[in-house]
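Asks: Just need the structure, nothing else, for what follows:
(one chain, ligands or ions: 1)
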Amino acid sequence: MLIEPTTLADVVVMTPQPFRDDRGLFTRTFDAAIFDDHLGRSGASAAFVQDSQSRSVSGVIRGMHGRSGRGEAKLVRCAHGAVHDVLVDIRTDSPTFGVQEAFLLDDKDFRHLYVPPGFLHGFQALTPVADVCYRIDRPHDPSEDIGVAFDDPDLAVKWPLPVTIVSARDRAAGSWQELIRHVR
Ligand SMILES: Cc1cn([C@H]2C[C@H](O)[C@@H](COP(=O)(O)OP(=O)(O)O[C@H]3O[C@@H](C)C(=O)[C@@H](O)[C@H]3O)O2)c(=O)[nH]c1=O
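Replies: Take a look at the predicted model:
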């Protein structure tokens, strides 16, 4: 399991080594000992309290989602298919505040993102079926949902495919400028 930094402060990408044979493959998707050691916090991995999975059809965009209050840490991977995954740092005290980075998550390399609290997250499905799995370190609470429109002109995320389906909540999301006023 390789753990590498990204351009976003504190975000890391974990790349496992899938073992492939005639039957298919086996891959470790997460290693608590390596993760805790990387963070320098014994037991950090034990904080993840909810596992979730979403399935999307090609072109679907989910995002850009964040969480108010203490935020939430997230582990994100694509278990089936491929997604274009985007993170935006919304921590006002971060050296990478406002910076975004995109990652290809797929079922070939099984790259896995660790996202600390204080980020917007979203993705677009690139394959007919794309399953995204998350682990979060606080129980889901919709009253803390915050977000920015996936097509906000200031964020200007470059989605690779034409947009097919977006939820009503995401269509109604606010702007980057509004979010900045809120977090500052
Ligand atoms: C996220 C979530 C949703 N739900 C419910 C609420 C709703 O009825 C249904 C679908 O929820 P949503 O439309 O919010 O799902 P979705 O748009 O896929 O939301 C997800 O988007 C990606 C980008 C993330 O980063 C996730 O943290 C999460 O915000 O599932 C839960 O019960 N628990 C959860 O943790």
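Asks: need the residues of the chain near the ligand, please.
Replies: By CB under 6 Å from any ligand atom, the part of the chain that sits against the ligand consists of S52, S54, R62, G63, H65, H121, G122, F123, Y134, H140, S167, R169. For the C-beta atoms, the positions are set from N, CA and C on the backbone; glycine is no exception.
Asks: And the helices in this protein, which stretches?
Replies: Here the chain has its helices, by DSSP state H, at 32-39, 168-171, 176-183.
Asks: The first one: which residues count as buried?
Replies: Neighbour counts over helix 32-39 (16 or more other CB atoms under 10 Å) mark I34, F35, H38, L39 as buried.
Asks: how deep is the residue in the chain that the ligand sits nearest to tucked in, by neighbour count?
Replies: Per CB to the nearest ligand atom, H140 is where the chain lies closest to the ligand, at 3.2 Å. Neighbour count for H140, taken as other CB atoms under 10 Å: 13.
Asks: give me the beta-bridge partners of the nearest residue to it once chain neighbours are set aside?
Replies: The shortest distance from H140 to any non-neighbouring residue, by CB to CB, 6 or more residues apart in numbering, is to Q50 (6.2 Å). Beta-bridge pairing for Q50 (DSSP bridges): I136.
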